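[1] using only what follows, build the 3D model:
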Amino acid sequence: MSDDRPILLWLRRGDLRLADQPALSAAAATGAPIIPVFFRDSSVDRLGAAARWRLERALDALAQSLARHELPLILRSGAPEAALATLALETGARALYLCRHTDGDPVAFDSLKERLPEVRVFDGNRLFHPAEIRNASGGPFRVFTAMWRAMRGADIAPPAPVPPRLRSPEQHPSSERLADWKLGAGVRHGGSVLARHCEAGEEAAQARLAEFLEDDLRGYETGRDRLADDACSRLSPFLANGEIGIRQCWHAGLRARDMGNPGAEPFLRQLMWREFAAHLLWHAPELDKRCWRPEWEAFPWSTDETRSEIRAWKRGRTGVALVDAAMREMMVTGVMQNRARMVVASYLSKHLMADWRIGLRWFEAHLVDWDAANNALGWQWVAGCGPDASPFFRVFNPDTQAKKFDPDGVYRRRWLAEGTLVPEPTALEYFEAAPRAWTLSPSDPEPAPVVGLKEGREAALAGWHAFRNQGSAEL
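    Here you go, the predicted model:
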């Protein structure tokens, strides 16, 4: 057969860009026609409602970018192994190119050899693959600081630009319509609210990185904790969908550090923390389901999600202003400020003594930047049962946190409407986004605290002391 046989480029969540895309760059370098394809498989259908909504927007933006190169994005439904074999037969493809993911490549490639004699897998969605780095003892890293010290100077390949020429095949295989997938249906009426706060696509990602480097990086170390300032990088939704490459972000941070920008090192540490989370999940696939330290499975967390206190937490009605503001921010925007995430996680797992997995699942359903590894590590770190965790007895006091990181109450006013004469528009958006079944109104009275902060902390510490005295906890 002719060398003009096309290359199938299999794209997944995490791959949806043209720059810093090693599989695409390699395919373009061959001069062969390229057929980009995305499959709606079980991994897509397992995503939470907000993440699926955000994925739809990322796919739409990618399709528009590819169209400018006269390349259609082919959409198919079904298990990738069978769908790839079908597509290879239809197109006469000579090869399959894809990027390696840290959640594994869920296809038995040997079964495709009859249809696709060449399968090439490229690195680039992580700074390094978890299977290929080890600590000083030869095992996987278990402590972030050790990984940071060992890998911060690693030689990371620079990002490649968008290939100058992407060749389209003479005939395109049939494609399903993105609109017919209805990926955003799960958020219902909340989608129109999310859309006001979310940008998607590689162009938006590049603009956000440039804006962050110019305006926010210098003050990043302290600014990312100030709740009202919005000084976080806000790159997480783009990284989750692969609309920007991690290597581009890393090298941008290195250049800023070399130029003496004081915020560059803290930013690089946060990128490495993302790598640390992926490393842990790779070596412990149950990280999002079971306590990293197995003895903590016996800790007396409540698993009853019907408790009124848990419902109040989910609905942003605990009566603790900072906790409620953060939960509403997530409902309206699909993201939550980083400091706020720690506070609401501590409040649920300690003041309410609720199982951390209740919170993990709620975040999974409502975060547009959801990432399995980051979500699991974050919850286990705060709950005290994970690797390199914050000790359980470190209980965040939401009021103290608010005084320190939102001293003027700007963040809380942005998201809370009850008891306010003229609520801010963002605070009112919460009632537009919340499920109708909750029957919430901005004219509702301010909620009373479901648990006193002092009493909740004391109950949590009493539970921890009892657990420790049983000989279960590692101290």
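[2] quickly run through the sheet partners of the longest strand belonging to the chain, with directions.
    Looking across the chain with DSSP state E, the single longest strand is strand 34-40. Sheet partners assigned to strand 34-40 using DSSP bridges are listed as strand 7-11 (parallel), strand 74-77 (parallel).
[3] with mean pLDDT and distance to residue 191 added, can I get those strands in a markdown table?
    For the C-beta atoms, the positions are set from N, CA and C on the backbone; glycine is no exception. As requested, these are arranged in a markdown table below (pLDDT from 0 to 100; distance: least, CB to CB, whole Å):
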| stretch | mean pLDDT | distance to residue 191 |
| --- | --- | --- |
| strand 7-11 | 97 | 23 |
| strand 74-77 | 97 | 20 |
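[4] for residue 113, find the nearest of those.
    strand 7-11 (13.9 Å; CB to CB).
[5] buried residues in the helix or strand that the closest one is followed by?
    Later in the chain than strand 7-11, the nearest helix or strand by DSSP states H and E is helix 22-29. For helix 22-29, the neighbour count (16 or more other CB atoms under 10 Å) marks 22, 23, 24, 25, 26, 27, 28 as buried.
[6] likewise stretch 416-424?
    Taking 16+ other CB under 10 Å as the criterion, stretch 416-424 shows 416, 417, 418, 423 as buried.
[7] and for stretch 455-462?
    So, applying 16+ other CB under 10 Å, buried residues of stretch 455-462: 456, 457, 459, 460.
[8] returning to that earlier point: in CSV, list the buried residues of helix 22-29 along with distance to residue 177 and pLDDT.
    Below are the buried residues of helix 22-29 laid out as CSV (distance: CB to CB, whole Å; pLDDT from 0 to 100):
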residue, distance to residue 177, pLDDT
22, 29, 96
23, 25, 97
24, 23, 98
25, 29, 97
26, 29, 97
27, 25, 97
28, 27, 97
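[9] ok, back up a step: now, which of the buried residues of stretch 416-424 sits nearest residue 241?
    After measuring the buried residues of stretch 416-424 against residue 241 - CB to CB - the closest member comes out as residue 416, at 30.2 Å.
[10] would you mind measuring from that closest one to residue 329?
    10 Å (CB to CB, to the nearest Å).
[11] what do you get for residue 272?
    Using CB to CB, residue 272 is found at 26 Å from residue 329.
[12] between the two, who's got more neighbours?
    Neighbours were counted for residue 272 and for residue 329 using other CB atoms under 10 Å; residue 329 has more, 23 against 20.
[13] and the longest strand of the chain, how far out from the chain middle?
    22 Å (CA atoms, centre = their mean, to the nearest Å).
[14] and it, which residues are buried?
    Buried residues in strand 34-40, defined by neighbour count with 16+ other CB under 10 Å: 34, 35, 36, 37, 38, 39, 40.
[15] I'd like those laid out as CSV, including distance to residue 211 and pLDDT.
    Below are these laid out as CSV (distance: CB to CB, whole Å; pLDDT from 0 to 100):
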residue, distance to residue 211, pLDDT
34, 31, 98
35, 34, 98
36, 28, 98
37, 32, 98
38, 28, 98
39, 33, 96
40, 32, 97
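[16] let me have those residues in a markdown table, extended by distance to residue 131.
    Below are the buried residues of strand 34-40 laid out as a markdown table (distance: CB to CB, whole Å):
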| residue | distance to residue 131 |
| --- | --- |
| 34 | 28 |
| 35 | 29 |
| 36 | 27 |
| 37 | 26 |
| 38 | 25 |
| 39 | 24 |
| 40 | 28 |
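[17] my read is that residue 380 contacts residue 289, right?
    No - with contact defined as CB atoms under 8 Å, residue 380 does not count as touching residue 289 (10.7 Å).
[18] neighbour count for those two, which is higher?
    residue 380 (28 against 10).
[19] what sits against the more buried one?
    Residue 380 sits next to 287, 291, 292, 356, 386, 387, 389 when contact means CB atoms under 8 Å, 6 or more residues apart in numbering.
[20] specify which member of those is nearest to residue 402.
    Within these, proximity to residue 402 (CB to CB) peaks at residue 356, which comes in at 22.3 Å.
[21] from residue 293, how far off is the spatially closest residue to the closest one that is not a sequence neighbour?
    Of all residues not flanking residue 356 in the chain, residue 383 sits nearest, at 3.9 Å (CB to CB, 6 or more residues apart in numbering). Between residue 383 and residue 293 the computed distance is 11 Å (CB to CB).
[22] where does the protein dip in pLDDT?
    Across the chain, residues meeting the criterion (pLDDT under 70) sit at 1-2, 104-111, 471-475.
[23] and the helices in the stretch 51-200 of the chain?
    Using DSSP state H, counting those that start in this stretch, the helices of the stretch 51-200 of the chain run over residues 80-91, 144-151, 178-181, 190-195.
[24] among these, which comes closest to residue 161?
    Among the helices of the stretch 51-200 of the chain, the nearest to residue 161 by CB to CB is helix 144-151 (25.3 Å).
[25] and the contacts of that closest one?
    127-128, 133, 135-136, 141, 269, 272-273, 275-276, 279, 388.
[26] roughly how far apart are residue 352 and residue 59?
    Look at residue 352 and residue 59: by CB to CB, they are 37 Å apart.
[27] same check, this time on residue 414
    31 Å.
[28] of these two, who's got more company?
    Between residue 414 and residue 59, counting by other CB under 10 Å, residue 59 is the more crowded of the two (24 against 20).
[29] residue 176 is in contact with the more buried one, correct?
    No - counting by CB under 8 Å, residue 59 stays clear of residue 176, with 11.3 Å between them.
[30] any residues in contact with both of those two?
    Contacts common to residue 59 and residue 176, judged by CB under 8 Å, 6+ apart, are residue 75.
[31] check the offset of stretch 252-265 from the chain's centre.
    Distance, stretch centre to chain centre, for stretch 252-265: 24 Å (CA atoms, centre = their mean).
[32] which other residues reach that stretch?
    209, 213, 216, 217, 218, 219, 220, 221, 223, 267, 268, 271.
[33] just stretch 436-452 next, same as before
    Under CB under 8 Å, 6+ apart, the answer for stretch 436-452 is 189, 308-309, 312-313, 315, 317-320, 324, 351-352, 417-420, 423, 427-428, 430-431, 434.
[34] circling back to that earlier point, could you single out the nearest of the buried residues of strand 34-40 to residue 200?
    For the buried residues of strand 34-40, the residue nearest residue 200 by CB to CB is residue 38; the value is 14.6 Å.
[35] could you find the closest non-adjacent residue to the closest one?
    Counting by CB to CB, 6+ apart, the nearest residue to residue 38 once its immediate chain neighbours are dropped is residue 11, at 5.0 Å.
[36] surely that neighbour meets residue 37?
    Yes - Residue 11 lies in contact with residue 37 (CB under 8 Å); the separation is 6.8 Å.
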